[in-house]
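Engineer: Here is my input; please provide its structure:
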Amino acid sequence: MGGKIRRGRPRWGQNPDTGNIGRVVDRWHVGFTDLTGGQGLLGQVEGRVSTVVAAWLTAQPAAWRGAITHVAIDMCAIFRSAIRAALPRTRIVVDHFHLVRLANARLAELRRRLTWKMRGRRGRKGDPEYDHRRLLRAAAEELTDQQRTVLERDLTRIGTYGRHILAGWHACSTCCMPAAWA
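Structural biologist: Here you go, the predicted model:
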């Protein structure tokens, strides 16, 4: 439940209570969705602060809040603190999209760092670790046997650094991809 939604530009204006100029419309909204598939969008609030998220959650009926056992969020401290305040017994899990995105980013950093150590420059066409960067973003079960064989063969031929990249790919592929969740 929960996710950031960008809603255009912020609007600025005069606050009628204080008279100060400030943001009257936030560019970010938080959406609350039902992950079981039964109800879809449950609600949406303006702003990306924990107090707004916690206020929406606590405004819901106690029976509804008590029935929530898990909340999937991105790795945002704002959401985590709001859920801890409003739903203290709920288990927080990281949603699959953000987990895979983080793992792929770390694997790309590993590939770039090891290429620099090995070659003293950025990767370029003709470097196996650069040529196979798209295969490295795919899960093992999404690759054909031939693609997997080529990837493993070419990275192993590079030597120690290639084996490190391959080990990073195996770790990313086994911990974050859908087959590991079955």
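Engineer: Just the element for the spatially most central residue of the chain, please.
Structural biologist: Here the mean C-alpha position of the chain is nearest to the C-alpha of H98 (CA atoms, centre = their mean), at a distance of 1.3 Å. Using DSSP states H and E, H98 sits within helix 96-119.
Engineer: Summarise which helices and strands the helix or strand just after that helix is packed against.
Structural biologist: Downstream of helix 96-119, the next assigned helix or strand under DSSP H and E is helix 128-131. Where contact means 3 or more CB pairs under 8 Å, 6 or more residues apart in numbering; DSSP states H and E, helix 128-131 is packed against helix 96-119, helix 145-158, helix 160-176. Where C-beta positions appear, they are placed from N, C-alpha and C, glycine not excepted.
Engineer: Can you list the neighbours in contact with helix 128-131?
Structural biologist: For helix 128-131, the external contacting residues (CB atoms under 8 Å, 6 or more residues apart in numbering) are 111, 114-115, 123-125, 154-155, 157-158, 161-162, 165.
Engineer: which is the next helix or strand following it?
Structural biologist: Heading C-terminal from helix 128-131, the first helix or strand you meet, by DSSP H and E, is helix 133-136.
Engineer: before we move on, the earlier item: tell me what angle the helix holding H98 forms with helix 160-176.
Structural biologist: Relative orientation of helix 96-119 with respect to helix 160-176: 180 degrees, computed using axes from the mean of the first three to the mean of the last three CA atoms, to 10 degrees.
Engineer: Show me what helix 96-119 is packed up against.
Structural biologist: For helix 96-119, the packing partners by 3+ CB pairs under 8 Å, 6+ apart come out as helix 128-131, helix 133-136, helix 160-176.
Engineer: could I get the ones you listed as TSV with distance to V150?
Structural biologist: Supplementary listing: those in TSV, determined by distance: least, CB to CB, whole Å:
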stretch	distance to V150
helix 128-131	9
helix 133-136	8
helix 160-176	12
